[in-house]
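In: pasting the sequence and the predicted model now:
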Amino acid sequence: MIQPNDLSRSLAPFVQDKTLVAVIELSLSSWLVAGVVPGVERQPLKKLEPDAAGLLRLIQRWRDEAVRAGRAVERIVVAYEAGRDGFWLARWLRAHAIETHVIHSTSVAVSREHRRAKTDRLDAAMLLRVFMGWLRGERGHCGMVGVPTIEQEDAKRPHRERENLVGERTRIINRMKAALIRLGIRGFKPELRRAPNKLDGLRTPEDLPIPPNTLNEIRRDLARLAMVREQIDLIEQARLERIEQAPETGPNAMVRLLASIVGVGIETADMLVQEVLSRNLRDRRAVARYAGLTGSPDESGSKRREKGLAKSGNARVRRGLIQLAWRFLLFQKDSALAQWYRARTEGAKGARKTIMIVALARKLLIAMWRMVTTGEIPHGVRLRAAAA
């Protein structure tokens with residue numbers, strides 16, 4: 001079985017005399033483009049306005065220079081570092097027949113000097129250096145990020161927006177509780193839907209009503225809370241409608257399969273599918289590495305120690321998996337994974353259990369990846385009864 005490329009090196013042959021190479025250092029106000037042009041001894045460096053059409057004209061001008069120098073350019077490759085601009089530029093350049101790659105920002109090795117010089121010019125030179133090594137097929141220079149389609153990017157927006165709204169809901173509730181506690185009022189639950197009706201009846205320990213400015217502030221917060229709650233409901237309803245309209249296609253089928261596991265809800269299943277499980281990852285190690293659930297060993301001579309989780313992957317997936325692992329122990333007590341965890345934490349204290357829950361989260365992610373890709377159900381896992 002041929003495994004997908006992990007993008008740590010280029011598999012295409014690199015002929016430098018026939019390849020025009022360019023890297024872009026992106027910023028809010030300008031783009032700095034560095035290149036290697038066949039037949040041209042100098043390495044051109046050009047600052048542009050943030051304009052894709054201007055970038056395309058520059059690349060075509062460099063190609064014409066190579067032709068005038070007697071070199072036929074058969075391949076044009078462009079790269080830039082993943083960041084705020086996302087992937088729109090890569091998609092736009094590919095639509096104009098320019099081979100484009102996006103460099104994973106954390107895969108580029110930088111100097112460990114305490115006060116290293118950092119300018120756009122130095123950053124562009126560094127990107128060009130590591131990109132050339134990647135094109136030659138050498139490992140360790142840098143890694144590339146798979147460029148998603150605009151539909152794939154858009155599919156992530158609902159659960160990410162819901163996560164932000166849930167955080168905003170918590171902040172609003174905590175802010176109201178803090179305002180009331182400053183007045184000595186405890187026990188009021190602003191998250192209840194009938195909370196606005198009970199607000200006027202609240203009294204301080206001195207049997208005084210809530211001061212008018214504080215009362216108006218809490219009323220405004222309750223209105224914000226109602227709006228946030230309504231938006232969360234709209235997102236959840238739209239997601240259910242989307243899954244029901246095409247239940248057996250692509251990611252929707254994966255979501256339904258994961259949600260059939262007792263203890264896994266639609267929200268968790270949708271997040272895992274859109275963020276990691278629908279990606280074309282190479283193997284189980286790549287799956288665990290993407291979530292940042294792998295270790296970070298520190299070895300030198302006779303010294304051997306583990307510094308903990310790498311945390312270099314998707315933090316959203318990592319948080320959700322650790323929460324799911326605790327929930328999995330409650331709902332899937334007879335599963336092989338839960339028994340594996342209990343066998344290794346029996347009689348252990350809190351620190352040991354915390355370490356092992358991360359290992360369980362990693363095993364759980366790999367098991368769900370196998371489930372959605374090969375149909376292999378984890379041993380002992382209970383599934384919900386199919387709807388009639």
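Out: Cool, the structure landed.
In: over to the most centrally placed residue in the chain: give its phi and psi.
Out: Centroid-nearest residue in the chain, with Cα atoms, centre = their mean: Asn314, separated by 4.2 Å. Phi and psi for Asn314, reported as degrees, to the nearest 10, are phi -80, psi 110.
In: residue contacts, it?
Out: Asn314 is in contact with Glu275, Val276, Tyr290, Ala291, Gly292, counting by Cβ atoms under 8 Å, 6 or more residues apart in numbering. Using the backbone N, CA and C atoms, a C-beta is placed for each residue, glycine as well.
In: most neighbours among the residues you listed, which one is it?
Out: Ala291 (28 neighbours; other Cβ atoms under 10 Å).
In: look up the closest residue to Trp369, ignoring the ones flanking it.
Out: Using Cβ to Cβ, 6 or more residues apart in numbering and skipping the chain neighbours, the partner closest in space to Trp369 is Val287 (4.9 Å).
In: for the one you found, what are its contacts?
Out: Applying Cβ under 8 Å, 6+ apart, one finds that Val287 lies in contact with Val276, Leu281, Leu365, Ile366, Trp369.
In: let's see that with 10 Å instead.
Out: 276-277, 279, 281, 293, 313, 317, 362, 365-366, 368-370, 373 (Cβ atoms under 10 Å, 6 or more residues apart in numbering).
In: now Arg42
Out: Taking Cβ under 10 Å, 6+ apart as the contact definition, Arg42 lies against Gly35, Val36.
In: rebuild the contacts of Val287 as a markdown table, extending it with distance to Ala238 and secondary structure.
Out: A markdown table is the format used below for these (distance: Cβ to Cβ, whole Å; DSSP: H, G, I helix; E, B strand; the rest coil):
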| residue | distance to Ala238 | secondary structure |
| --- | --- | --- |
| Val276 | 22 | helix |
| Leu277 | 21 | helix |
| Arg279 | 23 | coil |
| Leu281 | 28 | coil |
| Leu293 | 30 | coil |
| Gly313 | 28 | coil |
| Val317 | 22 | helix |
| Arg362 | 32 | helix |
| Leu365 | 26 | helix |
| Ile366 | 31 | helix |
| Met368 | 24 | helix |
| Trp369 | 26 | helix |
| Arg370 | 30 | helix |
| Thr373 | 27 | helix |
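In: which ChimeraX command selects the buried ones in the residues you listed?
Out: Only the buried entries of these go into this ChimeraX selection, using 16 or more other Cβ atoms under 10 Å:
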select :276,277,279,281,293,313,317,362,365,366,368,369
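In: dump the contacts of Val287 into CSV; add distance to Gln245 and pLDDT as well.
Out: Listed next are the contacts of Val287 as CSV, based on distance: Cβ to Cβ, whole Å; pLDDT from 0 to 100:
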residue, distance to Gln245, pLDDT
Val276, 24, 93
Leu277, 21, 92
Arg279, 23, 88
Leu281, 27, 86
Leu293, 33, 85
Gly313, 32, 81
Val317, 26, 92
Arg362, 34, 94
Leu365, 28, 95
Ile366, 30, 95
Met368, 24, 95
Trp369, 26, 95
Arg370, 27, 94
Thr373, 24, 91
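In: reformat the contacts of Val287 as CSV; add distance to Met144.
Out: Below are the contacts of Val287 laid out as CSV (distance: Cβ to Cβ, whole Å):
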residue, distance to Met144
Val276, 17
Leu277, 20
Arg279, 13
Leu281, 14
Leu293, 22
Gly313, 16
Val317, 20
Arg362, 24
Leu365, 23
Ile366, 23
Met368, 25
Trp369, 21
Arg370, 25
Thr373, 22
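In: looking at the contacts of Val287, which is nearest Asn164?
Out: Nearest to Asn164, judged by Cβ to Cβ, of the contacts of Val287 is Val317 at 16.1 Å.
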